[in-house]
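**Student:** I'd like to go over a predicted model; first the sequence, then the structure.
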Amino acid sequence: MEEKVKILIADDEESILGMLSEVLTDDGYDVTTATSAEEALEHFKSDPFPLVFTDIRMSGMNGIELLQQIRNISKEAQVVVITSHASIDTAITALREGAYDYMMKPFEDIDIISVVAERALEKFRLIEDNMRLIADLKIKNMELEEANSALSDLAVRDGLTGVYNHRYFHEAFMTELERANRYRHPLSLLFIDVDHFKDFNDTHGHQRGDQALIDIASIIQGHVRNIDIVARYGGEEFVVLLSETENDEALKVAEKLRRSVEDHPMEGAEAHSKVKITISTGVSTSPDNGSKTVELIKYADKALYRAKNGGRNAVCS
């Protein structure tokens, strides 16, 4: 008989604890409940669980502290935090601390509990499989392990600028937009194009052009949050995904990037010469400008066209 997968739930709200326990038990999981983070931690220390659901706010130790303790014990365990609209910033902090996902209460559709649990456990299984593979590779060949690690990172990075590549952007975009649509949160997209880049290349050479793209990618990364996603879309085009960001705030970010690039002197062809490069940006925001990736890209592309057509070195939405 196949052993049931174990799930730990920590919540001091009896109704939420009961609902989660009932749904997950009906799904065939072996559920353990705790009414405090301290109690949950003792359960986890005794026998680590592959998946933990925890409320953010509890008396005594809170959900973030429990998450940190769990991560210290097990890097593979997946933690889903439960929050309310009032503590969404704390939920984002939990993601930075290593939480797999967060869920908003009260739950509009309890089916999401099963979906999130299934996905989190699938990630846990993938991590376990990957760890076994890495262990085998270490035994066989340490150099091969290092090479595989490097190739894994290269697969999602642009070789020139070091930001994410076009393929990774589309995968991340679909994931982030699904989350935004699920919780009805804003998600903004910046579509950035370097102005007159062909002329810059023709005048100063492709080596200087490559360095300019590297500098611009670095400027963009330096002016957005760690949770935001920066990618090279192709050629001299970059994209930025701004999670939990309304259109007005996205326009401010785009304008800050525009000024930073404009103020940054790029190396010219002559020794010690400095030249100016500018960018134009189109901005779109979900759900106002669409709820699908193709709609948001199309809207941002049209906004970028308006910025270009209006004289460049501009931001349009």
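**Tutor:** Structure's in. What do you need? Residues are numbered from 1 along each chain as shown.
**Student:** For the rest of this, base every contact and every neighbour count on C-alpha atoms.
**Tutor:** Noted.
**Student:** so Val31 touches Lys4, yeah?
**Tutor:** No - using Cα atoms under 8 Å, Val31 is not in contact with Lys4; the gap is 9.3 Å.
**Student:** And this protein, what are its domain boundaries?
**Tutor:** Here the domain parsing of the chain from automatic domain parsing is 6-123, 166-316.
**Student:** weakest of the ones you listed by average pLDDT?
**Tutor:** When the domains of the chain are compared on mean pLDDT, domain 6-123 scores lowest, with a mean of 89.
**Student:** Give me the distance from it to the chain's centre.
**Tutor:** Per Cα atoms, centre = their mean, to the nearest Å, the displacement of domain 6-123 from the mean C-alpha position of its chain is 20 Å.
**Student:** Now do the end-to-end distance for that domain.
**Tutor:** Start-to-end span of domain 6-123 (Cα to Cα, to the nearest Å) is 15 Å.
**Student:** Tell me the secondary structure at the most centrally placed residue in the chain.
**Tutor:** Central residue of the chain (Cα atoms, centre = their mean): Ile227, 5.3 Å from the mean position. Following DSSP: H, G, I helix; E, B strand; the rest coil, the label given to Ile227 is coil.
**Student:** Tell me which residues touch it, please.
**Tutor:** If you count contacts by Cα atoms under 8 Å, 6 or more residues apart in numbering, Ile227 has them with 96, 242-243.
**Student:** Let's see which of those end up in helices.
**Tutor:** Counted as lying in helices by DSSP state H, out of the contacts of Ile227, are Arg96.
**Student:** Only whichever of the contacts of Ile227 are buried, select them in ChimeraX.
**Tutor:** The buried residues among the contacts of Ile227 can be selected in ChimeraX (16 or more other Cα atoms under 10 Å) with this line:
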select :242,243
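**Student:** Out of the contacts of Ile227, flag the one nearest to Asn309.
**Tutor:** Nearest to Asn309 among those, counting by Cα to Cα, is Leu242 at 24.9 Å.
**Student:** residue boundaries of the strands in the stretch 201-317 of the chain?
**Tutor:** 229-234, 237-243, 266-267, 274-275, 279-286, 315-316 (DSSP state E, counting those that start in this stretch).
**Student:** Now do the fourth one: which elements does it pack against?
**Tutor:** Counting by 3 or more Cα pairs under 8 Å, 6 or more residues apart in numbering; DSSP states H and E, the packing neighbours recorded for strand 274-275 are strand 266-267.
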